[in-house]
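Engineer: Predicted model and sequence below, questions to follow.
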Amino acid sequence: MRRIITKAISISLACVMALGVANFSGVTARADLVIGPQLFDKIIGNNDVNYDFKDGVLTVTGTGIADNTYTCKESEITKLIVKDGIKGISDSAFSNCSNLKAIVLPNTIVDIGIRAFDGIGATEITIPSSVKRIGEDFVRGKNLKSITMPGDFEAVRETDDGIGLVLYSKVSTINLNSPYSPDNKRQFLSKKINTMKNDPKYKSYNGVVYDKKGKTLVQVPVVTKNIKTRKGCSRIDMSSVLYSYYPEDEEVKQVHPKTFTIGKNIKKVVNDLKGKRTHFDNKVKITVKSKKLTGLSIENVSSMMTKKQVKKFWKTKNAKVKTKNDFKITKGNVILKYTGKKKTVKIPSKTKRIGRECFKSNKTIKKVVFNKKLKSIGDEAFYECRNLKKVTWSKKIKKVGRWCFDDDKLEKLVMPKSVTYWGEGCFHNNNIKKIVFSKTIKSIPDWSFSSIKVKNLVIPGHIKHIGKYAFIDAKSQTITLEEGVETIDSSAFGGSRKLDKVVIPSTIRSIGYAAFSDTKIDELVLKNIDAEIGEYAFTYAKLIDCGDDPSKYSTLAGLCSSNINGECEIGFIQVKNGTGIELQIDTSEKFDNPTEFNVENKTQTKKFNRPNDDYKYYRVRVYTNTAQGKVYGPWREFNWNRNY
């Protein structure tokens, strides 16, 4: 169900026209307060647009953004002509124009706003190829059958948590007038998608998108009931038949098909969905006619099927799945399933891949020994193997899938140098007490090592990025990020309540929201005070060590509370070797006439009353009494939300 969100709109004097009647080039403006124009929910000023209405035709001229300040009623407009020079159509500019049947737009337009043509009466509409950004739900009409539009554009959401679809109602045909972009698969809701004739990479065959030579299936229109591949096709990208309406969904799905036939010439079914769970939204009858599928392709096809369909498929001659020593193995030496109950499991010598969910929820396995040829492990392969404590790694393994060892009991992890990738949540919720990172790893994915039990955790400098929740609830006493680490995402180390000391290097550039929140750090060594530090990043930290130069001493502070009477409470973190902290508040972000407070240099909060509600800008700096006099550190500004 589509989410409907009502938003409050702020009005500034700059964008409010005076009451009464004003005449611009012979066009009478509305005699009321007008807000606008708004493009992607942002007010735009200095708009130079004129409107001329005659016999049902509204002509728009000028150089700005066409909005809804025309004087005629929406229902009176039957044709819209926008002239060269107009750069965009504002949000809801022509919504509810139920009798609007014809629209002419110029190639000067680059932006079309949210719901710009919602509720029009046209049967077709052409959006110029010049358009680069299109707002959510930009066009809808009960009579709309055909749209000509760009294939490569940015879809702009109404809100951060919005759905972000430019079309909510399906049309019969979408004709693309610029090169097709696979990133916009979700945006083309239609029965047919026709690429432009000279598209350099893609081509449509009967409304279905393939690569230029017709060998790879790229996108099946979302309302297709029976999916079949053309004779010349030898590869299916899974995103061609599985793509979600909602980008935040953990699972990727295609809602409508009844049948899906994998033709005789298909050799590869490729999972290009970046590791997300892949299945159809409802039961789809999948028929596999090909005898040429690779082992990995058989794994991918199986992931789209129901459990009953999988069992039936594996028994067919086309699947060529053999049973050997409690393993279901494909002809390409991919293990699809382990059905045994041994405590120690050795992966067969010729196996190159362990398939997704292969050992999932196995209750008996305690140790697994990989063979020398194993190169990759699929998503959730050992998920919830809650007695699995030890893994003997292959020296050739390169990829370890998402949530692969989630909720197991691994105690030690020495990752081989061959590993170049592991997926999100790979070692989530284990008992890891020792870890050695592969030097080939440059980034730690989200949720990788939550609840880790390494006492003195060291993140080596070859790792540049630490993902969200990567070490949340870690049981470490010290965390040291070596020189080279650059970014830390939100909540990466949140909830690590046993922390005594954290060392953050000079190479750090940004520390995300709540990165070390709820950790009660005794000593925070911050070697780069200019790093971008998100709100709540160091809540409850007790001491900051900024080095030996008093001119670089800096504290982290934030607003703890504020009431309607203007009483505020500011929190500070003590600075090693600092003498005190100066706080300024002002009505201007330039701090032309600030009110000042001095605070002792210790972990504390400072209560005070703002002179009035207009005092909304805050900044602090550390000062140090030295033999040469008082030395001030740099100002650090913060806002209404807690910054430390």
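Structural biologist: Thanks, I have the structure now.
Engineer: Pull the distance from stretch 55-68 to the chain's centre.
Structural biologist: The chain centre lies 36 Å from the centre of stretch 55-68; the measure is Cα atoms, centre = their mean, to the nearest Å.
Engineer: end-to-end on that stretch?
Structural biologist: 18 Å (Cα to Cα, to the nearest Å).
Engineer: Stretch 189-202 too?
Structural biologist: End to end - Cα to Cα - stretch 189-202 spans 18 Å.
Engineer: Kindly report the same for stretch 192-206.
Structural biologist: 7 Å.
Engineer: Also stretch 491-508?
Structural biologist: 16 Å.
Engineer: With stretch 211-220 instead?
Structural biologist: OK, stretch 211-220 end separation, Cα to Cα: 12 Å.
Engineer: Give me the residues contacting that stretch.
Structural biologist: Residues from elsewhere that reach stretch 211-220 (Cβ atoms under 8 Å, 6 or more residues apart in numbering): 180, 182, 185, 188, 193, 199-203, 205, 208-210, 227, 229-230, 232-237, 239-241, 243, 254, 257. Using the backbone N, CA and C atoms, a C-beta is placed for each residue, glycine as well.
Engineer: again, 6 Å this time
Structural biologist: 185, 201, 203, 208-210, 227, 229, 232-236, 240-241 (Cβ atoms under 6 Å, 6 or more residues apart in numbering).
Engineer: and K274, how many neighbours does it have?
Structural biologist: Look at K274: counted by other Cβ atoms under 10 Å, it has 10 neighbours.
Engineer: and the residue nearest to N206 when sequence neighbours are not counted, what pLDDT?
Structural biologist: Closest residue in space to N206, ignoring its immediate chain neighbours: K192 at 7.6 Å, by Cβ to Cβ, 6 or more residues apart in numbering. We have a pLDDT of 95 for K192.
Engineer: Report the secondary structure element holding K192.
Structural biologist: Secondary structure assignment for K192, by DSSP states H and E: strand 190-194.
Engineer: Quick check: K630 is in a helix.
Structural biologist: No: counting by DSSP: H, G, I helix; E, B strand; the rest coil, K630 falls outside a helix, being strand.
Engineer: what's across from it in the sheet?
Structural biologist: As for beta bridges, K630 partners with N625 under DSSP bridges.
Engineer: what about it, neighbour count?
Structural biologist: For K630, the neighbour count with other Cβ under 10 Å is 11.
Engineer: tell me which strands and helices the strand holding K192 is in contact with?
Structural biologist: strand 171-176 (3 or more Cβ pairs under 6 Å, 6 or more residues apart in numbering; DSSP states H and E).
Engineer: For the strand it packs on, give the mean pLDDT please.
Structural biologist: 95.
Engineer: Same question for stretch 115-128.
Structural biologist: The average pLDDT for stretch 115-128 rounds to 96.
Engineer: Same question for that stretch: list its buried residues.
Structural biologist: Using 16 or more other Cβ atoms under 10 Å as the test for burial, stretch 115-128 gives 115-122, 124-125, 127-128.
Engineer: Confidence-wise, which helix or strand of the chain is lowest on average?
Structural biologist: strand 23-24 (a mean of 26; mean pLDDT, DSSP states H and E).
Engineer: Export the buried residues of stretch 115-128 as JSON lines, with columns for distance to E482.
Structural biologist: Converted to JSON lines, these look like this (distance: Cβ to Cβ, whole Å):
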{"residue": "R115", "distance to E482": "50"}
{"residue": "A116", "distance to E482": "51"}
{"residue": "F117", "distance to E482": "55"}
{"residue": "D118", "distance to E482": "54"}
{"residue": "G119", "distance to E482": "58"}
{"residue": "I120", "distance to E482": "59"}
{"residue": "G121", "distance to E482": "64"}
{"residue": "A122", "distance to E482": "61"}
{"residue": "E124", "distance to E482": "60"}
{"residue": "I125", "distance to E482": "56"}
{"residue": "I127", "distance to E482": "51"}
{"residue": "P128", "distance to E482": "52"}
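Engineer: Keep only those of these that are in helices.
Structural biologist: With DSSP state H as the criterion, helices contain none of these.
Engineer: which one among these gets closest to N387?
Structural biologist: R115 (54.8 Å; Cβ to Cβ).
Engineer: Next up, phi/psi of that closest one, please.
Structural biologist: phi 50, psi 30 (degrees, to the nearest 10).
Engineer: What of the one 4 residues further on?
Structural biologist: Summarising the backbone geometry of G119 under the convention degrees, to the nearest 10, its torsions are phi 90, psi 20.
Engineer: Would you check how far apart N175 and T148 are?
Structural biologist: Distance, N175 to T148, by Cβ to Cβ, to the nearest Å: 4 Å.
Engineer: nope, C560 is what I was after
Structural biologist: Separation of C560 from T148 (Cβ to Cβ): 56 Å.
Engineer: try D530
Structural biologist: To T148, D530 is 50 Å away according to Cβ to Cβ.
Engineer: Those two: who's more crowded?
Structural biologist: T148 (17 against 12).
Engineer: Identify the residues contacting the more buried one.
Structural biologist: 126, 175, 177.
Engineer: what does D586 give?
Structural biologist: 594, 617.
Engineer: quick one, phi/psi of it?
Structural biologist: D586 adopts backbone torsions of phi -160, psi 170, taken as degrees, to the nearest 10.
Engineer: cool, and Y210?
Structural biologist: phi -120, psi 170.
Engineer: and it, bridged to which residues?
Structural biologist: With DSSP bridges as the rule, Y210 is bridged to K203, L217.
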